[in-house]
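Asker: just to be clear, the model below is a prediction. Sequence and coordinates:
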Amino acid sequence: MRCTRLIPLLSLLLAPLLVQANPFEYQLANGLRVIVKEDRRAPTAVHMVWYRVGSIDEKNGLTGVAHLLEHMMFKGTPNVGPGEFNRRVAAAGGRDNAFTNRDYTAYFQQTPKEQLEEMMRLEADRMRHLSLDPKEFAQEIKVVMEERRMRTDDQPQALLFEQMNAVAFQAHPYRAPVIGWMNDLENMTAEDARDWYDRWYVPNNAYVVVVGDVDHDAVFRLAEAYYGPLAPRALPVRKPQEEPAQLGMRRLLVKAPAELPVVLMAYKAPVIRDVANDVDPYALEMLSAILDGHEGARFPKRLVKEQRIAVNAGAGYDSTSRGPGMFFVQGSPSAGRTPAELEAAFRAEIVRIQQHGVDADELARARAQLIAGEIYKLDSMFAQAMEIGQLESVGISYRDNTRLIDKLKAVTAADVQTAARRYLNDDALTVGVLDPQPLPSAPRPRSGPAPRH
Amino acid sequence: MKSSFPFGKVLAGFSVCAASVLGMPAHAGVNIEHWQAPSGARVFFVENHALPIVDVQLDFAAGTAFDPPGKAGLASLTRDLLDLGAGAQDETAIANRLADLGAQLGGGADMDRASVSLRTLSAPETRGPALAILRDVVSLPRFPAAVVEREQARTIAALKEALTRPETLAARAFWSGMYAAHPYGVQSSPASLAALTRDDLRAFHARHYTAAAATVTLVGDLSRAEAEAVARELTAALPVSDTRQTTLPPLPAPPAAPAPAESRIAHPAAQAHVLLGMPAVRRGDPDYFPLLVGNYTLGGGGFVSRLVKEVRDKNGYAYSVYSYFMPLVQPGPFTIGLQTKKTQAKAALALTRETLTTFLADGPSEEELKAAKLNLVGSFPLRLDSNRKILDNVAAIGFYRMPLDYLDRYAENVEKVTAADVRAAFARHVQPAQLTTVVVGGE
């Protein structure tokens, strides 16, 4: 227990640094890292287990297996029967769930602080002892297919994003959806889930994040007791699978039942690889805020309010991911305007920034929102745990969070203009359009009262 | 907009229930201070200096139930326009100023309430200007003609888009099926929105956004004296209505025994959307706690409810299946919802009805009752572990005139519910023969 002794000692010696010591970190001999952020405002705690495995690690024909395994994690171990995990969390006054993304799979419980030990017991048990009963698998794969129908097949914009990724990425696994292609789900087996679990669910591929009204030393002792006995195992080699350079603009069209067309433009963009020395990813974050950070930002102000060419217009960029990044621009044209006109308007806004840059007060505004947002984040234990977990998932230490904010604050107008010139170019652009299709029949109730106005 | 979307095991109904504000238990409650501002507005304050943040919310009895006949959509459009030009500033000036201050405006309109909220840093040089904007937004909205016309067009575009979505079609048919001509059942249409005028918005604001009808909730880094000054200033310039109007006419009672109706609406979606329910319970009804505790077992308790076990776990029919009560000023609905592959809609609906009927007949077992109480009482601290959650809870207590010790007595009220209470309360509020059923899509 090196950290449990070291940290209190440090805090005695360096009292002014006490604040910076929180969060606290401890690594078990099996490789599992535990990060604890003490937040004493309410008698609750959030406990998260993050696995460094997501859809990015899937192979052709097995898309969706990372997420399917997440569902199976609730289906029992020899000690804790199917559904029992949820029952015990509920009995502890807790809420639990899980989420799978491209870069990670994570599980969490929010409970009264006294229940943290029980949560660790449950999570440690399913880290290495999952039953993966074929009968449970046969039911749960149907639930996952329903989830795909609900979240993707019946959501025109989700279909557009799914197709966008499949066109923009040709080699990199980001081309496949996290939920998986339906045909892969239809052909998935309990054995596929078992292989996945055996390969990736080991303590040396996981980290635990706890935020709440807890003492970090006590949490480290609990982690040692419950996660400590789990044996590590060597992980499979992860190949980079780099996306080859895009050699020109790509276009795609998605037809789905809808009323409004959608224009989605995605530019290949860098992400943070070197926290201290990168510049462009931070500049792109600030550019995104200048375009779409508030109601007076460029897109809502100029495209929605002044030109009225769009009913909505936005930008989005995530500077942290294991794989390649994209800078997105998205909107729907106003009645009587076409997707092509909206695309041209988006391009004109981008050219304006490339040629004339951004104003100092626009940048100052983005900075003010960023600084306030850092304070507001402290109101949610869950958000604080998510921030730590997400940074760690892409290989950035939670300790670098302050530095990330400082780097964002240091972005200059020239940085923004340079990044816009460097990345927002047609050769690395993919344009997707949702082409709305009328519903086959007028939606009228067959019986019962008709909606009145 | 994010480049990737997390896929969670979330059940829609779980989050709906968590959002239902009457669902809070209680040991360590919240110290709510209450007074009336000189304007007549009722004020609720929770002092908390742990973070340099102030959250403020103003609630008005100005929800969609107050849309005048023939003007469906007016309450929502009025709310949407408040911050698009107010006092001396136009919409861009307001948006830029808020961003400069790092402050955030929020809120919206539901059936009963129109809300305007502000989150700001508590330092006086930030708080002061941010609160001044909030005061102008609720008191002096300008409703500029060009902006009204633009937002009308955007709202119509969004509604037309929503009317292609199976979930929207289901919800609209569901509410109009349950409530018939009652205001809760009336919905906006592109035509009703197009007919609204700037004068309608001004009149609605003048009539409904009055100090006498306002509640102000403040949470965070303020002293009592500061909170009093803030509440006084925020409400001083609200419209003064003529005294006869300070109490709005009560909403009519919904149909006592709605005719059972089944709507089937064609849609090409892969999944059928199924809703069942009826008007059930008003805020403050003494049956609320037995209904809450019972519904935990039926379909409210996240992953451990009977509906989830039967429909999702045993049969794989649905990713999301849930039930909940939504208490409103007038009896709000009891709702069961699910989505399922269209070919199995019939089987899933039959199983859902059977699960409900069985529950109504045998109610929760002693073991289920115990599990429900353990979770509802045990999870109480989670309902209040941030300023934002405290704000939501206290604003609802204030608006709906619930007792100030509501949170303190929550655990006790949950604990005393018996299985017989649950069965009796469900028998009074949920009659299978009167359920409105809506199926959108399916075969």
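Answerer: That came through fine. Residues are numbered from 1 along each chain as shown, chains lettered A, B, ... in the order given.
Asker: so who does A:Met127 touch?
Answerer: A:Val49, A:Tyr201, A:Val202, A:Pro203, A:Ala206, A:Tyr227, A:Leu230 (C-beta atoms under 8 Å, 6 or more residues apart in numbering or on different chains). The way it works is simple: take the backbone N, C-alpha and C, and place the C-beta from them, glycine included.
Asker: hey, which helix or strand in the chain has the poorest pLDDT?
Answerer: All of this is about chain A. The weakest-scoring helix or strand in chain A, judged by mean pLDDT, DSSP states H and E, is helix A:2-13 (a mean of 34).
Asker: you looked at the wrong chain, it should be chain B
Answerer: Using mean pLDDT, DSSP H and E, helix B:12-19 stands out as the lowest-scoring helix or strand of chain B, at a mean of 32.
Asker: now do the helix or strand following it: distance to the chain's middle.
Answerer: Counting by DSSP states H and E, the next helix or strand C-terminal to helix B:12-19 is strand B:33-36. Distance, stretch centre to chain centre, for strand B:33-36: 24 Å (C-alpha atoms, centre = their mean, to the nearest Å).
Asker: what packs against strand B:33-36?
Answerer: strand B:42-47, helix B:224-236 (3 or more C-beta pairs under 8 Å, 6 or more residues apart in numbering or on different chains; DSSP states H and E).
Asker: mean confidence score for it?
Answerer: Averaged over strand B:33-36, pLDDT sits at 98.
Asker: next: stretch B:334-344.
Answerer: Mean predicted lDDT for stretch B:334-344 stands at 96.
Asker: three-state assignment of whichever residue of the stretch 1-150 of chain A sits closest to chain B?
Answerer: Sorted by distance to chain B under C-beta to the nearest C-beta, the residues of the stretch 1-150 of chain A start with A:Gly93, at 2.0 Å. Secondary structure, DSSP: H, G, I helix; E, B strand; the rest coil: A:Gly93 is coil.
Asker: neighbours around the nearest residue to it once chain neighbours are set aside, how many?
Answerer: Of all residues not flanking A:Gly93 in the chain, B:Gly378 sits nearest, at 2.0 Å (C-beta to C-beta, 6 or more residues apart in numbering or on different chains). Here the count is done by other C-beta atoms under 10 Å in any protein chain shown, and B:Gly378 has 21 residues near it.
Asker: pLDDT weak spots in the stretch 301-443 of chain B?
Answerer: Low-confidence segments of the stretch 301-443 of chain B (pLDDT under 70): none present.
Asker: any chance you could map the strands in it?
Answerer: B:321-325, B:332-341, B:436-440 (DSSP state E, counting those that start in this stretch).
Asker: which residues sit against the last one?
Answerer: Read it as strand B:436-440. Defining contact as C-beta under 8 Å, 6+ apart, one finds that strand B:436-440 is touched by A:443, A:448, B:166-167, B:169-170, B:173-174, B:177-178, B:258, B:260-265, B:267, B:269, B:272-278, B:345, B:349.
Asker: how about the contacts of A:Met127 in TSV, adding secondary structure, pLDDT and neighbour count?
Answerer: As requested, the contacts of A:Met127 are arranged in TSV below (DSSP: H, G, I helix; E, B strand; the rest coil; pLDDT from 0 to 100; neighbours: other C-beta atoms under 10 Å in any protein chain shown):
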residue	secondary structure	pLDDT	neighbour count
A:Val49	strand	98	26
A:Tyr201	coil	98	22
A:Val202	coil	98	21
A:Pro203	helix	98	25
A:Ala206	strand	98	25
A:Tyr227	coil	98	22
A:Leu230	coil	98	21
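Asker: fine by me, thanks again.
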